[in-house]
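Enquirer: have a look at this prediction, sequence included:
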Amino acid sequence: MTDFLIAPSILSADLARLGDDVAQVLADGADVVHFDVMDNHYVPNLTFGPMVCKALRNYGITAPIDVHLMVEPVDDLIVQFADAGATYITFHPEASKHVDRSLQLILDKGCKAGLVLNPATPVDVVKPVLHKLDMLLLMSVNPGFGGQKFIPQTLDKLREARTLIDASGRATRLEIDGGVTPANIADIARAGADTFVAGSAIFGAESYKSAIDAMRAALADL
Ligand SMILES: O=C(CO)[C@@H](O)[C@H](O)COP(=O)(O)O
């Protein structure tokens with residue numbers, strides 16, 4: 001059975017009481033904290049930096065923190081987030097002049113490394129560096145905002161990425177981000193994803209536990 005991971009995006013959390021909200025969503029069954037870093041340059045929105053990641057660690061959050069860098073350039077923030085307690089660090093290949101070097105920097109800092117592909121970026125881009133990837137994240141919306149609709153063409157990209165990862169023999173996680181809900185998560189898993197970022201579908205729900213349970217129930221027979 002596939003080891004599915006649910007990763008709520010704190011972009012949709014209650015930022016005024018972030019520590020409590022993250023602790024709650026983990027207590028309600030989430031596996032990973034998805035940490036969206038936006039710089040108002042690579043994407044048209046501005047969120048939080050390494051100090052907030054460090055604050056979550058100091059607060060006592062021990063779950064994996066999956067830092068998704070939507071910033072340009074990336075290397076400086078890779079170092080800062082690694083020092084702040086990130087578990088995974090992923091970035092967009094368009095945002096680094098030297099993708100292999102940036103991935104190696106993440107690995108040398110003791111974190112798990114990943115790349116993120118926008119809806120219009122082909123899966124082929126990762127081929128030369130697949131051996132360095134612990135995570136491949138496919139965006140199923142254009143990055144910058146929560147609450148958008150899942151782009152259905154991403155299912156074909158997931159199938160292509162799953163074939164590539166399986167052929168590599170590496171245990172690279174295949175993550176999906178954007179518009180994931182209890183209603184579409186099974187189709188997304190069937191296409192090959194094993195790690196599911198969900199912001200509004202979890203933090204926007206009346207009960208985080210019910211939303212996460214509904215996702216797990218949809219995945220149960222796969
Ligand atoms: O990185 C992003 C957006 O850029 C995502 O993590 C979204 O925050 C996911 O939000 P929902 O689509 O699940 O509301």
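Expert: Structure's in. What do you need?
Enquirer: assign Thr90 to helix, strand or coil.
Expert: strand (DSSP: H, G, I helix; E, B strand; the rest coil).
Enquirer: and it, bridged to which residues?
Expert: His68, Gly114 (DSSP bridges).
Enquirer: what sits against it?
Expert: Asp66, Val67, His68, Leu69, Ala113, Gly114, Leu115, Val116, Met135, Leu137 (Cβ atoms under 8 Å, 6 or more residues apart in numbering). Every residue, glycine included, has its C-beta placed from N, CA and C.
Enquirer: dump those residues into TSV; add neighbour count as well.
Expert: Below are the contacts of Thr90 laid out as TSV (neighbours: other Cβ atoms under 10 Å):
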residue	neighbour count
Asp66	28
Val67	26
His68	27
Leu69	27
Ala113	23
Gly114	26
Leu115	24
Val116	22
Met135	20
Leu137	27
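Enquirer: before we move on, which element is Asp66 in?
Expert: Assigning secondary structure by DSSP states H and E places Asp66 in strand 65-70.
Enquirer: show me what that strand is packed against.
Expert: strand 33-38, helix 50-59, helix 75-83, strand 88-91 (3 or more Cβ pairs under 8 Å, 6 or more residues apart in numbering; DSSP states H and E).
Enquirer: mind running it again at 6 Å?
Expert: With contacts taken as 3 or more Cβ pairs under 6 Å, 6 or more residues apart in numbering; DSSP states H and E, strand 65-70 sits against strand 33-38, strand 88-91.
Enquirer: ranking those strands by burial, who's on top?
Expert: Of the helices and strands packed on strand 65-70, the one with the most neighbours on average (mean count of other Cβ atoms under 10 Å) is strand 88-91, at a mean of 28.
Enquirer: taking strand 65-70 as reference, get the angle to the helix or strand immediately after it in the chain.
Expert: Downstream of strand 88-91, the next assigned helix or strand under DSSP H and E is helix 99-108. For helix 99-108 against strand 65-70, the angle by axes from the mean of the first three to the mean of the last three Cα atoms, to 10 degrees is 160 degrees.
Enquirer: need the residues that contact helix 99-108.
Expert: Here helix 99-108 makes contact (Cβ atoms under 6 Å, 6 or more residues apart in numbering) with Val74, Asp75, Ile78, Ile89, Pro93, Ser96, Ala113, Val129, Lys132.
Enquirer: low-scoring stretches of this structure, by residue?
Expert: For the chain, applying pLDDT under 70 flags the ranges 1.
Enquirer: got TSV for the helices and strands packed on strand 65-70, with distance to Gly179 too?
Expert: Formatted as TSV, the helices and strands packed on strand 65-70 follow (distance: least, Cβ to Cβ, whole Å):
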stretch	distance to Gly179
strand 33-38	14
strand 88-91	18
